[in-house]
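J.: sequence and predicted structure below; questions after.
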Amino acid sequence: MSVPADPRMQFLRDQLRPGAVRTVKVVGFDGADVLVELVDVDAGKAEIGRIPRHEASMRRTEHPSELFEIGQEISAEETGRWGEGQLHLSARACESPALRSFLLAFEPGQVVAGTVSAVHNFGVFVHVDGEPDGLCTGFIRVPDLAWGWINHPSEAIEAGQRITAEVIMAETRFGQVSLSLKALQEDPLIHFEDQVGRVLTGPITKIVPFGVFVKLAPDIEGFLHLSELTDEPVETPGQLVDEGQLITVKVADVDLQRHRVRLDAVGGVGGI
C-alpha cells in the first residue's frame with residue numbers, strides 16, 4: 001500500500017526544483033545584491049534581474065563585489081519572480097559545473113549509496129558515491145532517518161557507515177542532495193490504520209507545551225492534546241503528567257499522509 005505524498009513536501013520540492021540557466025551580465029550592486037542584465041534575450045528586450053546576496057556564492061565574502069566585476073558575464077539559475085515581478089537568480093547554483101552536473105543526474109525516488117561523513121544533532125552528512133572530489137553532497141534530516149522517535153541521529157546511524165538511501169530532491173542552490181533512509185523502510189502506520197477507535201495504554205514519551213506523545217507500538221507514537229488532559233488552565237502538561245507514566249488513550253485518527261496519530265482521552269486525566 002502506497003502512502004500519498006505530503007502536499008507540504010511537494011510545495012518545498014517545487015520551490016527548490018532547479019530552474020533554467022541564464023547568461024547574465026553584471027551591471028551593478030544594490031546593497032549586497034547583484035544587479036544583472038539578461039544577455040540571452042532578443043534585441044530590444046533587455047531585462048534587469050537580481051541575484052540576492054545569499055545566492056551569489058557558496059563561498060563566504062563580505063560583499064559580492066569581491067566575486068563579480070561590472071560587465072562580467074556569468075551563468076545563473078532562475079529562482080522565481082518576486083516583488084514587482086523582477087526575476088531573481090542564483091549564481092551559486094552554477095558556481096561549480098561539475099557539482100551541478102552531478103546533482104542534476106538525480107531524480108526523486110532514485111536509490112543511491114554512500115558513506116556517512118558526519119553525524120550532528122541537526123542531521124547527517126553523506127559522501128554520495130561518484131560525487132566530485134573534495135565535496136560532501138548528501139544530507140539526511142533527522143525526520144528522514146527513522147519512522148520512530150529518536151533523541152539523536154547517532155541512535156540510528158554512525159560515521160563511516162555504508163548506507164543506501166532514497167533521493168528526496170537535488171538542490172543545486174545548496175549544492176546537496178537530500179536523502180531519506182526511512183523511505184526505504186515500510187511505514188509502520190500502514191498496518192496501524194485499522195486501530196482507529198481502539199483503547200490502548202502506553203508510556204508518555206515526550207511532553208510539549210500543547211500536549212504529550214504516547215508510545216502505542218514499536219515505532220508508533222500518538223499525540224494527545226492538552227485539552228484532552230484537563231479543562232483547567234495549566235502552563236504545561238508537565239503539571240499533570242510525567243514522562244514514562246502510563247496513560248490510557250483512544251486512537252481517534254491515523255493520518256498516513258502526515259504520519260500522525262491523534263489521540264483522545266479515556267476518562268479522567270487521559271485515563272491515568
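T.: Received it, and whenever you're ready, just let me know what you need. Numbers count the residues shown, from 1 in each chain.

J.: can you give me the helices for the chain?
T.: Ranges of helices within the chain are 7-16, 97-104, 226-229, based on DSSP state H.

J.: nearest spatial neighbour of the residue nearest the centre of the chain, chain-adjacent residues omitted?
T.: The residue lying closest to the centre of the chain (CA atoms, centre = their mean) is residue 141, at 6.2 Å. Excluding the flanking residues, the one nearest residue 141 by CB to CB, 6 or more residues apart in numbering is residue 123, at 5.0 Å. (Each C-beta comes from the backbone N, C-alpha and C, glycine too.)

J.: show me what contacts the one you found?
T.: The neighbourhood of residue 123, defined by CB atoms under 8 Å, 6 or more residues apart in numbering, consists of 139, 140, 141, 142, 153.

J.: could you check how far it is from residue 222?
T.: 25 Å (CB to CB, to the nearest Å).

J.: got the phi/psi numbers for residue 131?
T.: When quoted as degrees, to the nearest 10, the phi and psi of residue 131 stand at phi -70, psi 160.

J.: surely it touches residue 137?
T.: Yes. In this structure, residue 131 is within contact of residue 137 by CB atoms under 8 Å, at 4.5 Å.

J.: what sits in contact with each of the two?
T.: Common contacts of residue 131 and residue 137, defined by CB under 8 Å, 6+ apart, comprise residue 102.

J.: picking up where we left off before, wait, the residue nearest to the centre of the chain touches residue 178, no?
T.: Yes. Between residue 141 and residue 178 there is a contact under CB under 8 Å: 7.2 Å.

J.: please enumerate the strands of the stretch 1-150 of the chain.
T.: Residue ranges of the strands in the stretch 1-150 of the chain, as given by DSSP state E, counting those that start in this stretch, are 21-30, 33-38, 48-51, 73-82, 86-90, 111-120, 123-128, 138-141.

J.: comparing residue 131 and residue 137, which residue is more hemmed in?
T.: Using other CB atoms under 10 Å, the more surrounded residue of residue 131 and residue 137 is residue 137, with 25 against 20.

J.: tally of neighbours for residue 116?
T.: Neighbours around residue 116, by other CB under 10 Å: 19.

J.: I should have written residue 207 there, sorry.
T.: Residues near residue 207, counting by other CB under 10 Å, number 19.

J.: residue 244 is in contact with that one, correct?
T.: No. Counting by CB under 8 Å, residue 207 stays clear of residue 244, with 10.4 Å between them.

J.: give me the common contacts of those two.
T.: The contact sets of residue 207 and residue 244 do not overlap (CB under 8 Å, 6+ apart).

J.: shaky segments in the stretch 151-272 of the chain?
T.: In the predicted model, the stretch 151-272 of the chain carries pLDDT under 70 at residues 267-272.

J.: now the strands for it?
T.: Under DSSP E, counting those that start in this stretch, the stretch 151-272 of the chain gives strands at 162-171, 176-180, 199-208, 211-217, 220-225, 246-255, 260-265.

J.: dump those to a markdown table, plus distance to residue 237.
T.: Listed next are those as a markdown table, based on distance: least, CB to CB, whole Å:
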| stretch | distance to residue 237 |
| --- | --- |
| strand 162-171 | 33 |
| strand 176-180 | 31 |
| strand 199-208 | 5 |
| strand 211-217 | 5 |
| strand 220-225 | 9 |
| strand 246-255 | 11 |
| strand 260-265 | 12 |
